[in-house]
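Asks: Sequence first, predicted model second:
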Protein chains: 4
Amino acid sequence: MYSFKNDYSEGAHPRILHALGKSNFEQEEGYGLDKYTLRAKELLKEKLGRQDIDVHLFSGGTPTNLTAISAFLKPHEAVLSASTGHILVHETGAIEAAGHKIISIETEDGKLTPSAIKEILDIHTDEHMVKPKLVYISNSTEIGTIYKKHELVKLKDFCTQNNLILYMDGARLGSALCSFENDIELNDLPELLDAFYIGGTKNGALLGEALIICNNNLKEDFRYLMKQRGALLAKGRIIGVQFLELFKDNLYFDLARHANKMAEILKNELSQLKVTFLIDSYSNQIFPILAHNYIKELQKKYSFYIWQKIDSECAAIRIITSWATKEEDILVFIEDMKKLVEH
Amino acid sequence: MYSFKNDYSEGAHPRILHALGKSNFEQEEGYGLDKYTLRAKELLKEKLGRQDIDVHLFSGGTPTNLTAISAFLKPHEAVLSASTGHILVHETGAIEAAGHKIISIETEDGKLTPSAIKEILDIHTDEHMVKPKLVYISNSTEIGTIYKKHELVKLKDFCTQNNLILYMDGARLGSALCSFENDIELNDLPELLDAFYIGGTKNGALLGEALIICNNNLKEDFRYLMKQRGALLAKGRIIGVQFLELFKDNLYFDLARHANKMAEILKNELSQLKVTFLIDSYSNQIFPILAHNYIKELQKKYSFYIWQKIDSECAAIRIITSWATKEEDILVFIEDMKKLVEH
Amino acid sequence: MYSFKNDYSEGAHPRILHALGKSNFEQEEGYGLDKYTLRAKELLKEKLGRQDIDVHLFSGGTPTNLTAISAFLKPHEAVLSASTGHILVHETGAIEAAGHKIISIETEDGKLTPSAIKEILDIHTDEHMVKPKLVYISNSTEIGTIYKKHELVKLKDFCTQNNLILYMDGARLGSALCSFENDIELNDLPELLDAFYIGGTKNGALLGEALIICNNNLKEDFRYLMKQRGALLAKGRIIGVQFLELFKDNLYFDLARHANKMAEILKNELSQLKVTFLIDSYSNQIFPILAHNYIKELQKKYSFYIWQKIDSECAAIRIITSWATKEEDILVFIEDMKKLVEH
Amino acid sequence: MYSFKNDYSEGAHPRILHALGKSNFEQEEGYGLDKYTLRAKELLKEKLGRQDIDVHLFSGGTPTNLTAISAFLKPHEAVLSASTGHILVHETGAIEAAGHKIISIETEDGKLTPSAIKEILDIHTDEHMVKPKLVYISNSTEIGTIYKKHELVKLKDFCTQNNLILYMDGARLGSALCSFENDIELNDLPELLDAFYIGGTKNGALLGEALIICNNNLKEDFRYLMKQRGALLAKGRIIGVQFLELFKDNLYFDLARHANKMAEILKNELSQLKVTFLIDSYSNQIFPILAHNYIKELQKKYSFYIWQKIDSECAAIRIITSWATKEEDILVFIEDMKKLVEH
């Protein structure tokens, strides 16, 4: 059984494991005060082109979102999210458990716009309702789409004018920035966002996400909040080592580019077989629409999510590629599809 | 600079790293549903002699305590802890942030007793006060002492009679069970506790603690609560692999025994130099009382915590040994001490 | 300026004030342990036909909803509510601040049905999502509609089968039970609900709501949770006195019947003037659709909410009547409307 | 049975009831936006000598403390309180349920001092511990003592220097300010505190406390937080009416003075009978130490709390007087005591 279910099925890229082994026996400070973490933070500041940002390393996406969002908000302040947003759907109400309502916004492509946010602001006018305060976006989104630079610029302007915090979930930021549709550079991000995270877990690391806080007002006492949420790892060094390795050259982007390329090959080949797609995505997630009986056949050999039933005849499935996906596995899948189609 | 500050200064035991490398490229389910985690859970059930317990793997002690304790309690229910308890002092109010008061109990040796708990119960009598519900103990304690079996039996009996939950923080459980004073077996624990965790981070793992839920009433929907607290690791396999390695033979206990032995050597040698100790501990933590000028000298070469000022002449320091402490490093430290004393 | 904005514009019915005055100088126990509160609880049990229910008196609807719902749920459990639900829209995220997600369900008439709930259950299948647990309904609803007995029976059956708690917000329960469309008796309710409250504030009291807990599993330690939420009034007697007065004969229902009758007269007269209504409601809330210029004229003399813009020509307004609304004020309003229409 | 148990045993002062009746049938805005509440706020600003303070009316002490303290703090910030503090002992963990640890400080007289606070600050040094941020004091304290002006000045200076918020629970502020030992004027308070409340429930009102926010940084969006905590009363007017009556002349102080005088008479008379006191208090709470058999006799006719067992022969009881205590009742009690003593 080969899995296209997600991009965290394998362990880490070999260079990551090698770096962990190499640093293993040195004595280091705990809780992210070790030299590897400090260096990784310096390196990220350099890559992001800003010395005045704060960097904090986490073990996963949910603790990052949970800690950051709850740190940034007062109890009556709410989050705005596309209805597909990970925090809204797949984090077991972690944000609400920290006390904050998430207001859901329906979208076609998983992306928020100023006008969609404005509609929400317009109906939240007094103290009997929550106060919308933080705009949560994902890039790439949960349905594989990406933000263009002008879209982010407009969002940021709107947020600034309306005293809103713009926060980006970058669980798949590598894939977004390496999409051939992308026109955003890594070092554009501090200007465009109040805070965001760079996802490692889904792009080659064993575990690890790097939260970047750009807005000065959001920085104070942040390590207290990490500790309180259980998000300060005793051997914090193991995340520092990984980010150092991912960013010391272009490994992070090489891995993301590979994942995207695997998805692109698959998409192109499936298109040639007349397969259509639920969403026009150009990252490492694609959503081909297949006949139910094809899906049933494929499930004998492959695991993947059935994303959405279309009608009595077909459904969209989600296929995710990663840094570890081999081109040969893609080609076998294509062959299997061809057999089904030509059958 | 050599560090005796804590037992998480180094990375992982080589066998752990090796096991991570060996399993790295296999595709596995996410979030702890992989075969390594499942096997580790089976192995722990076997070692604990009980099939009816639940095992959940976490990335650190604070998220384990936070998730478990808040899952077990209703909002008005409180925790009882020795005043030295880790959750009371060094977890940045994580339990309170989850809504629960911790009632502090002064002790001489970091250990709770039925009579100390009863005093608290006697004054919490109506709905204007919180309801004491969960008894938090640590073994070994934060000051290196350990529970004897008859003490745990009495505590458990008292808790059962008073409808209290008995929970043990086992961040240093290995060290406790390998103390030469210890008379508790690993498989005694499910009888004696409602829940506890077996600490990996401080005993050879890169990261990882195994929460054991023995009381049936505390098991329901526990994975929901892990996810909500951000405590379900996407690549959960990396903790499964480590516990599998630690417990497949006696590695876990071998490492703890080594740590204890290093502390014992140090303690014996220091005693010969007429050094006295703040606490009579027999685990991997010792608290020698030294003259301030000795401490100042030692700090040039060693890092450790100054635990408590005794008077104008001396203070107690905390020295922690680990699986990675080498006997030669201990001997060098002794030599340095001798030079100071003989000077 | 005459107000049709809400049903809490005036103080209390004179009999309520009289009862407060009469009992004022007696010494009583605090926090709802006084004899008036105890008698009021006995009286409500009698009227509800059940000795095995628990009654708790609160000062308002939001603290009642907040305390009850958060007491009934574990942290990962969520609430289901119509999108018009008061807790979802107009309580400033109080339920989320207590840690629970509210899942919004679109409806036409503000009422939930088993099939609408089932759709939500079907997509909440694992620990990455919250667990739907409590169904929140209002009777009368926030848009003036009421539940028929067979609808409640079906909802309760569905909830029982699916292990869901059925909770009813009765801020306007008097008005619901006195609607000419209603076929539910007060003493039917304990069978049909796990918990609900009988609203006093909007039906003649100065302040006060009576929470009824029917389901045994939800009763334990409830006063602890009231105190913790700040919902135990020191002079609890003042709510007891009021409920005793409201229910010692039929005052509660007489007041609600009057409020409904005022709304009915208004509705009938407006209908004669060819006015149509946004919602077909038969309680103390009506939603006439009026031309914008009519609304503007009426606003010079009356206050009311503009509920929803319909188009460029007209909008629906909300008019609420109460126990204190006088028929003569209704007739003056009708006259003013007639002048506008005939103008 | 005559009660000396507390100062909320009776209803309201007759002038309060009269004022409620007089305003009862006027239509007013809900949620504290009515003209009575607005006037009461203006009046309090005038009496406090400051136009730049915010005033919010609550229904009781616990919701005031809970809402204010949780509004003022970020999640990792903690409260400091004397070990006798009401929030620490008798509010069922309401502050912790809102997420904040309360650090307990032992005192002899229920009062905090800069040096006692400094000891706590000195040991809270990094992100593994909570951050002390709000100093909670009560005046009069829970054991009847009061703060002198120079003590408050020193506390405020210390708090300002250490970036701490100074908050005063004024449940019995009337009694404190009317103590013959007091040297603080009502209008001194805004200078000396960041926020405090003026208690009405225990001094003549049916219900009601007036929170005063003096520090500008603590004011923003406060009504959102009131609503979210369930602390905005629909008919907010009923608290406004009461504070207007209490402060339109000197009623508030007259009532408090009376309560104190009753306690003073009792204290003097008991002293003549050679009774000693646990605490040297000069407000409406006294703590005579009596032989157990006297206590037993008195309990047949009077209710009061047994505060603290002293030894096998005697215990301290708590006697509270109020605006409603009659001198004749005091005299009867004295007579009864005399009989016991002379027996």
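Replies: All right, it came through fine. Residues are numbered from 1 along each chain as shown, chains lettered A, B, ... in the order given.
Asks: Kindly report the residues of the stretch 1-150 of chain A close to chain C.
Replies: A:75-76, A:78, A:89-93, A:96-102, A:104, A:127-130 (CB under 8 Å from any CB of the partner chain). In short, each C-beta sits where N, CA and C put it, glycine included.
Asks: Check those residues one by one and keep those near chain D.
Replies: Among these, the residues within reach of chain D (CB under 8 Å from any CB) are A:Pro75, A:His76, A:Gly99, A:Glu127, A:His128, A:Val130.
Asks: what's in contact with the helix or strand harbouring A:Ser115?
Replies: Assessed by DSSP states H and E, A:Ser115 sits inside helix A:114-123. For helix A:114-123, the external contacting residues (CB atoms under 8 Å, 6 or more residues apart in numbering or on different chains) are A:80, A:103, A:105, A:107, A:129, A:132, A:135, A:154-155, A:157-158, A:162, A:164.
Asks: again, but for stretch A:318-337
Replies: Residues from elsewhere that reach stretch A:318-337, judged by CB under 8 Å, 6+ apart: A:2, A:4-10, A:13, A:202-204, A:255-256, A:258-260, A:262-263, A:265-266, A:269-270, A:273, A:275, A:284-288, A:294, A:297-298, A:301-302, A:304-307, B:25.
Asks: what about the helices in the stretch 151-300 of chain A?
Replies: A:173-177, A:189-192, A:222-228, A:237-248, A:251-272, A:292-299 (DSSP state H, counting those that start in this stretch).
Asks: Format these as CSV; extra columns: mean pLDDT, mean neighbour count and distance to chain D.
Replies: Putting the helices of the stretch 151-300 of chain A into CSV (pLDDT from 0 to 100; neighbours: other CB atoms under 10 Å in any protein chain shown; distance: least, CB to the nearest CB, whole Å) gives the following:
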stretch, mean pLDDT, mean neighbour count, distance to chain D
helix A:173-177, 98, 29, 27
helix A:189-192, 98, 19, 24
helix A:222-228, 98, 24, 4
helix A:237-248, 98, 26, 17
helix A:251-272, 97, 20, 28
helix A:292-299, 96, 16, 45
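Asks: out of these, which comes closest to D:His150?
Replies: For D:His150, the closest of the helices of the stretch 151-300 of chain A is helix A:222-228, at 34.3 Å, according to CB to CB.
Asks: Alongside chain B, which residues does the stretch 101-250 of chain A contribute?
Replies: Within the stretch 101-250 of chain A, the positions adjacent to chain B are A:201-202, A:206-207, A:224, A:227-235, A:237-238 by CB under 8 Å from any CB.
Asks: Which member of the residues you listed is positioned nearest B:Leu112?
Replies: Out of these, the member with the shortest distance to B:Leu112 (by CB to CB) is A:Gly230, at 23.3 Å.
Asks: What is the neighbour count of that closest one?
Replies: 29 (other CB atoms under 10 Å in any protein chain shown).
Asks: so what's it closest to, chain neighbours aside?
Replies: Nearest residue to A:Gly230, sequence neighbours excluded (CB to CB, 6 or more residues apart in numbering or on different chains): B:Pro63, at 3.2 Å.
Asks: And the strands in chain A?
Replies: In chain A, the segments counted as strands under DSSP state E are A:2-3, A:54-58, A:77-82, A:102-105, A:131-138, A:165-169, A:195-199, A:209-213, A:276-277, A:285-286, A:288-291, A:302-303, A:305-309, A:314-320.
Asks: that older thread, from the residues of the stretch 101-250 of chain A next to chain B, which is closest to chain B?
Replies: Using CB to the nearest CB, A:Gly230 comes nearest to chain B of those, at 3.2 Å.
Asks: residues contacting that closest one?
Replies: Shown in contact with A:Gly230 (CB under 8 Å, 6+ apart): A:63, B:60, B:62-67, B:91, B:94, B:229-231.
Asks: Tell me how many other residues crowd A:Lys5.
Replies: Summarising burial for A:Lys5: neighbours were counted as other CB under 10 Å, giving 17.
Asks: Distance check, the closest residue to it other than its chain neighbours against chain C.
Replies: Leaving aside its chain neighbours, A:Lys5 sits nearest to A:Ser303 (5.1 Å; criterion: CB to CB, 6+ apart). Applying CB to the nearest CB, to the nearest Å, the value for A:Ser303 to chain C is 16 Å.
Asks: A:Ser303 bridge partners, please.
Replies: A:Ser3 (DSSP bridges).
Asks: close enough to count as contact, it and A:Ile295?
Replies: No - counting by CB atoms under 8 Å, A:Ser303 stays clear of A:Ile295, with 11.7 Å between them.
Asks: which two in the residues of the stretch 101-250 of chain A next to chain B are spaced the farthest apart?
Replies: Farthest pair in those (CB to CB) is A:Lys202 and A:Tyr224. Separation: 27.9 Å.
Asks: Just give the number of residues close to the nearest residue to A:Thr107 once chain neighbours are set aside.
Replies: Spatial nearest neighbour of A:Thr107, chain neighbours left out: A:Ala82 (4.7 Å); criterion: CB to CB, 6+ apart. Neighbour count for A:Ala82, taken as other CB under 10 Å: 26.
Asks: per-residue pLDDT, A:Ala82?
Replies: A:Ala82 carries a pLDDT value of 98.
Asks: just A:Glu26 next, same as before
Replies: Predicted confidence (pLDDT) for A:Glu26: 96.
Asks: Likewise for A:Val341?
Replies: Note for A:Val341: predicted pLDDT of 87.
Asks: Next up, the contacts around it.
Replies: Counting by CB under 8 Å, 6+ apart, A:Val341 has contacts A:Leu273, A:Lys274, A:Tyr294.
Asks: can you tell me how far it sits from A:Val332?
Replies: For A:Val341, the distance to A:Val332 (CB to CB, to the nearest Å) stands at 15 Å.
Asks: Pick out the residue nearest the middle of chain A.
Replies: A:Ala171 (2.1 Å; CA atoms, centre = their mean).
Asks: Can you tell me the closest non-neighbouring residue to it?
Replies: Using CB to CB, 6+ apart and skipping residues adjacent in sequence, the residue nearest A:Ala171 is A:Gly199, 4.1 Å away.
Asks: State the number of residues packed around the one you found.
Replies: 29.
Asks: again, but for the one 5 residues further on
Replies: Using other CB under 10 Å, A:Gly204 is surrounded by 30 other residues.
Asks: right, and it touches A:Arg257 too?
Replies: No - using CB under 8 Å, A:Gly204 makes no contact with A:Arg257, being 11.7 Å away.
Asks: show me what contacts A:Ile105?
Replies: For A:Ile105, the contact set (CB under 8 Å, 6+ apart) comprises A:Leu80, A:Ser81, A:Ala82, A:Ser83, A:Leu112, A:Ala116, A:Ile117, A:Ile120.
Asks: Nearest to B:Ile212, out of the residues you listed: which one, please.
Replies: If you rank these by distance to B:Ile212 using CB to CB, A:Ser81 comes first, at 36.4 Å.
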